[in-house]
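# predicted model and sequence below, questions to follow.
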Amino acid sequence: MSDNQQRGRQAEEQARRFLEDRGLRLLAQNWSCRGGELDLVMLDGDTVVFVEVRYRRHAAWGGALESVDARKRARLALAAENFLQQEKRWGKHPCRFDVIALGATNGTAGRPEWIKNAFDA
């Protein structure tokens with residue numbers, strides 16, 4: 001595993017713990033399908049939350065939040081649709097897309113920035 005992959009996995013673990021400390025429950029982690037991957041799928045009350053975890057070590061290439069562009073949002077929406085089709089018990093629940101930003105660009109090293117309902121799909 002490369003250093004970047006290792007840092008990415010650590011960021012996902014940090015984000016998962018952060019969300020669990022706030023009452024969300026993990027449904028799936030690193031769930032993948034032909035169309036893409038979902039970093040975290042959590043349950044917030046009765047809402048299924050698809051969480052994209054973005055880590056940036058340097059701000060020079062743009063922030064973690066800015067890296068979730070239209071193409072990435074489309075891939076996340078497709079993966080979420082596949083998840084709901086395969087995991088039918090969650091298909092009737094409300095859903096949202098959140099972003100957890102970690103790294104140099106969020107201003108407070110180590111503290112995640114949680115953007116609820118970051119975009120619509």
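Okay, I see it.
# contact partners for the residue positioned nearest the centre of the chain?
Centroid-nearest residue in the chain, with Cα atoms, centre = their mean: Glu52, separated by 1.8 Å. Glu52 sits next to Leu38, Asp39, Val68, Lys72, Leu76, Phe97, Asp98, Val99, Ile100, Ala118 when contact means Cβ atoms under 8 Å, 6 or more residues apart in numbering. (C-beta placed from N, C-alpha, C; glycine too.)
# so Ala74 sits in a strand?
No - with DSSP: H, G, I helix; E, B strand; the rest coil as the criterion, Ala74 is located in helix rather than a strand.
# by residue count, which helix of this structure is the longest?
helix 3-21 (DSSP state H).
# pull the CA atoms of that helix into PDB?
C-alpha atoms of helix 3-21 as PDB (Å, rounded to 0.1, in the frame of the first residue of the first chain):
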ATOM      1  CA  ASP A   3       1.800   6.300   1.500                       C
ATOM      2  CA  ASN A   4      -1.100   8.100  -0.100                       C
ATOM      3  CA  GLN A   5      -3.300   5.000   0.200                       C
ATOM      4  CA  GLN A   6      -2.300   4.600   3.800                       C
ATOM      5  CA  ARG A   7      -3.000   8.300   4.600                       C
ATOM      6  CA  GLY A   8      -6.400   7.900   2.900                       C
ATOM      7  CA  ARG A   9      -7.300   4.900   5.000                       C
ATOM      8  CA  GLN A  10      -6.300   6.700   8.100                       C
ATOM      9  CA  ALA A  11      -8.400   9.700   7.100                       C
ATOM     10  CA  GLU A  12     -11.400   7.400   6.600                       C
ATOM     11  CA  GLU A  13     -10.900   5.800  10.000                       C
ATOM     12  CA  GLN A  14     -10.700   9.200  11.600                       C
ATOM     13  CA  ALA A  15     -13.800  10.400   9.800                       C
ATOM     14  CA  ARG A  16     -15.700   7.200  10.800                       C
ATOM     15  CA  ARG A  17     -14.800   7.600  14.500                       C
ATOM     16  CA  PHE A  18     -15.700  11.300  14.300                       C
ATOM     17  CA  LEU A  19     -19.200  10.500  12.900                       C
ATOM     18  CA  GLU A  20     -19.700   7.600  15.300                       C
ATOM     19  CA  ASP A  21     -18.900   9.900  18.200                       C
END
